[in-house]
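Q: return atomic coordinates for the entry below.
(chains A and B)
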Protein chains: 2
Amino acid sequence: MAAEESVVVSNDFPLNNHKQNSVVSASTNDPNAISSVIPGWFSEISPMWPGEAHSLKVEKILFQGKSEYQNVMVFQSSTYGKVLVLDGVIQLTERDECAYQEMITHLPLCSIPNPKKVLVIGGGDGGVLREVARHSSVEKIDICEIDKMVVDVSKQFFPDVAVGYEDKRVTLHVGDGVAFLKAVPEGTYDAVIVDSSDPIGPAKELFEKPFFESVARALRPGGVVCTQAESIWLHMHIIEDIVENCRQIFKGSVNYAWTTVPTYPSGMIGFMVCSTEGPAVDFKHPVNPIDVNDSQHSARPLKFYNSELHTAAFCLPSFAKKAIGSKAN
Amino acid sequence: MAAEESVVVSNDFPLNNHKQNSVVSASTNDPNAISSVIPGWFSEISPMWPGEAHSLKVEKILFQGKSEYQNVMVFQSSTYGKVLVLDGVIQLTERDECAYQEMITHLPLCSIPNPKKVLVIGGGDGGVLREVARHSSVEKIDICEIDKMVVDVSKQFFPDVAVGYEDKRVTLHVGDGVAFLKAVPEGTYDAVIVDSSDPIGPAKELFEKPFFESVARALRPGGVVCTQAESIWLHMHIIEDIVENCRQIFKGSVNYAWTTVPTYPSGMIGFMVCSTEGPAVDFKHPVNPIDVNDSQHSARPLKFYNSELHTAAFCLPSFAKKAIGSKAN
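A: Purely as a prediction, here's the structure:
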């Protein structure tokens, strides 16, 4: 998205040709126009989900900036709390971030006994760190986020998310996740969590085969990875490619899970959950349930995740099962 | 919604004050303004989900009418097929209707052995009938829809949905579901499915205690009911009331389930699934699996429902489990 096209207006309603035109250009699949507005609202329009848009009413814009990698925006919405937007796409809202952060973290970490070393790629907002930190067995949490502005903005505007950085086990590496992984000694981590944005923009490589190969190399035998893997309603072709890649690379098991997130396109998001060759991992039956003793370790109880929902997350609608079932699960 | 406020424009982009104002008035919770647009798009704005709106790009408006009960509209969307809208709220799209129709029907019908007599309240589009008809044990399917225009419009524009009416076991009663149920002899049905719109407008009574009492009376001992029950992300207060009412009335069991539907607010919808006193019904473990032998009975294979997903649908996020778990499940 070109910076000059990122237009959001707060509670006033001028009839502005430029704003109207930005809606139109986005809807005609101009790849440079992935955000635009109706007056007083933020509308999420993208070629990744053509023909539909979710809009949130804007109370106040709190931050707008352009980093080396992307446009970064924070606004106060009227009913979803504060909202973090990267390149015109909603990354999190205070109201529903629990669903994504808890599921992408605990699906892998509750599936292996005693995870000790965990790597997060992306996830600059700190929410996944917050969730990893619930696991008392964990000794070391590395995070590699490419965009320092995301970290800074999260610490400033989303303290309940960025609280993850306060854990003493966390080390922040600002840089390219692909390069970081290549430099990691083989077999370092018990789990890798890839909390990426969509495969357009800075996260593109995180959906490609060489990246998955680096992840597999960085994991110990029987180690686990969980990556953001789009929506079965919108992106089945992308998902089939990812599953195919993972099938070739992760020789333990390859699974697809999903959860509800109201402010993500189609109201849901999926995850690839895989393990490397080694001790078998049965992702559908968590051996390391966090919800049983969560209250001992955290002042912030889980809002979303529980062991039942963990197992349920791997049950797919028939159309998705048919398309990817023979390749995964 | 006043008819004159139902404004949708197809692929032209005049800057029209009236349209802009209708967005503004809706966003300030004017209960009469529950539909409005961005140019070339249909936007779903309602006090039922304040501060957010889902929009679909409009290719062509196919029908606009006002029945005795509500505004009825059909449009061709650019990426979700044809769309049925009642009083400004999306009821179904061709692309995702399978999720709602299959789940609201098979959650109850697959939970009892040999359902024979089934009543559908609402559901004028015929989609639930199509799903009920998959069950070869069923001998009689009554449907009571208040609005004839919904039936006619569905037959005209949604043949793959309204195909349900072609089954010989179906009898259509055009009229008030509340009155219809009162006239039904006690213990008539094995299952009642309440496919209603939201509890504002003509469906209001279908969420109230006297209605549930009539449903329980119309069911045989150990009979089952499944009713549309809103979203755990948006309507927990409504859901808690419904659960409380059902707890008092349905002495068999009371359960809450949910599924993903991209074009419903928050991307999901829930169901109350209850049974009357009598032979026990364990909704979480379907005794009458339709997916095993569906291919024998239907030229249209199931797209969404399967037995695994049936069981998974009853697993709730922790925040919802906490709020309604002690009252249901």
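Q: buried residues, stretch A:217-237. List them.
A: A:217-220, A:223-235 (16 or more other Cβ atoms under 10 Å in any protein chain shown). Glycine gets a C-beta too; all of them are placed from N, C-alpha and C.
Q: contact partners for the residue nearest to A:Arg95 when sequence neighbours are not counted?
A: Spatial nearest neighbour of A:Arg95, chain neighbours left out: A:Tyr80 (4.3 Å); criterion: Cβ to Cβ, 6 or more residues apart in numbering or on different chains. Contact analysis of A:Tyr80 by Cβ atoms under 8 Å, 6 or more residues apart in numbering or on different chains lists A:56, A:93-96, A:263, B:51-52.
Q: which SS state does A:Tyr80 fall under?
A: coil (DSSP: H, G, I helix; E, B strand; the rest coil).
Q: any weak-confidence spans in the stretch 201-329 of chain A?
A: A:292-298, A:326-329 (pLDDT under 70).
Q: give me the residue from it nearest chain B.
A: Nearest residue of the stretch 201-329 of chain A to chain B (Cβ to the nearest Cβ) works out as A:Gly267 at 1.0 Å.
Q: pretty sure that residue sits against B:Gly267.
A: Yes. Counting by Cβ atoms under 8 Å, A:Gly267 sits close enough to B:Gly267 to count as a contact (1.0 Å).
Q: who touches both of the two?
A: A:260-261, B:260-261.
Q: show me those residues that map onto strands.
A: Among these, the members found in strands (DSSP state E) are A:260, B:260.
Q: between the shared contacts of A:Gly267 and B:Gly267, which is closest to A:Val194?
A: The nearest member of these to A:Val194, counting by Cβ to Cβ, is A:Val261 at 16.5 Å.
Q: let me see the domain layout of chain A.
A: Listed by the TED database, the domain ranges of chain A are A:41-93, A:96-326.
Q: which one, of those, ends up nearest to B:Ile200?
A: So among the domains of chain A, domain A:41-93 is nearest, using Cβ to Cβ, at 17.7 Å.
Q: how about the closest residue to A:Ser231 other than its chain neighbours, phi and psi?
A: Nearest residue to A:Ser231, sequence neighbours excluded (Cβ to Cβ, 6+ apart): A:Ser266, at 4.4 Å. Per-residue torsions, A:Ser266: phi 70, psi 0 (degrees, to the nearest 10).
Q: so A:Ser266 sits against B:Gly267, correct?
A: Yes. Using Cβ under 8 Å, A:Ser266 is in contact with B:Gly267, at 6.0 Å.
Q: quick check: neighbours shared by the two?
A: By the contact definition Cβ under 8 Å, 6+ apart, A:Ser266 and B:Gly267 are jointly contacted by B:Thr260.
Q: comparing these two, which shows the higher neighbour count?
A: Ranked by neighbour count (other Cβ atoms under 10 Å in any protein chain shown), A:Ser266 and B:Gly267 place B:Gly267 first, with 26 against 22.
Q: might one say that the more buried one is in contact with B:Val261?
A: Yes. B:Gly267 is within contact range of B:Val261, at 6.9 Å (criterion: Cβ under 8 Å).
Q: overlap in contacts, those two.
A: Listed as contacting both B:Gly267 and B:Val261 by Cβ under 8 Å, 6+ apart are A:Gly267.
Q: what's the neighbour count on the nearest residue to A:Lys82 once chain neighbours are set aside?
A: In this structure, A:Lys82 finds its nearest non-sequential neighbour in A:Glu94, 5.2 Å apart by Cβ to Cβ, 6+ apart. Neighbours of A:Glu94 under the rule other Cβ under 10 Å: 17.
Q: surely A:Glu94 is in contact with A:Thr79?
A: No. Using Cβ under 8 Å as the test, A:Glu94 is too far from A:Thr79 to be in contact (10.6 Å).
Q: count of residues packed around the residue lying closest to A:Pro199 once chain neighbours are set aside?
A: In this structure, A:Pro199 finds its nearest non-sequential neighbour in A:Phe207, 4.1 Å apart by Cβ to Cβ, 6+ apart. Close neighbours of A:Phe207, defined as other Cβ under 10 Å, add up to 22.
Q: show me which residues of stretch A:78-89 are buried.
A: A:78, A:80, A:82-89.
Q: just the terminal-to-terminal distance for that stretch.
A: Stretch A:78-89 has an end-to-end distance of 18 Å (Cα to Cα, to the nearest Å).
Q: quick one: that stretch to chain centroid distance?
A: Its chain's average C-alpha position is 14 Å from that of stretch A:78-89, according to Cα atoms, centre = their mean, to the nearest Å.
Q: run me through the strand neighbours of the host helix or strand of A:Gln76, direction for each.
A: For A:Gln76, the host element (DSSP states H and E) is strand A:71-77. Within its sheet, strand A:71-77 is paired with strand A:52-66 (antiparallel), strand A:82-86 (antiparallel), according to DSSP bridges.
Q: got a list of contacts for it?
A: Taking contacts as Cβ under 8 Å, 6+ apart, the residues outside strand A:71-77 that touch it are A:1, A:3, A:6, A:8, A:35, A:42, A:56-66, A:82-88, A:93, A:147, A:149-150, A:153, A:157, B:51.
Q: which of these are buried? Put it as a PyMOL command.
A: A single PyMOL command selects the buried members of the contacts of strand A:71-77 (16+ other Cβ under 10 Å):
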select buried, (chain A and resi 1+6+8+35+42+56+57+58+59+63+82+83+84+85+86+87+88+93+147+149+150+153+157) or (chain B and resi 51)
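Q: and stretch A:79-89, average pLDDT?
A: Mean per-residue pLDDT for stretch A:79-89: 95.
Q: tell me, how many residues neighbour the residue nearest to A:Trp41 when sequence neighbours are not counted?
A: Distance criterion Cβ to Cβ, 6+ apart; nearest residue to A:Trp41, sequence neighbours excluded, is A:Ser55 at 4.5 Å. Neighbour count of A:Ser55, defined by other Cβ under 10 Å: 26.
Q: ok, now A:Gly126?
A: 29.
Q: wait, it touches A:Val151, no?
A: Yes. Using Cβ under 8 Å, A:Gly126 is in contact with A:Val151, at 7.4 Å.
Q: list residues touching both of these two?
A: The contact lists of A:Gly126 and A:Val151 share A:162, A:165, where a contact means Cβ under 8 Å, 6+ apart.
Q: what are the bridge partners for A:Phe63, then?
A: With DSSP bridges as the criterion, A:Phe63 is bridged to A:Val74.
Q: from chain B, how far off is A:Glu131?
A: From A:Glu131 across to chain B, the span is 13 Å (Cβ to the nearest Cβ, to the nearest Å).
Q: helix/strand/coil for that residue?
A: Under three-state DSSP, A:Glu131 falls in the helix class.
Q: next, count neighbours for it.
A: 27.
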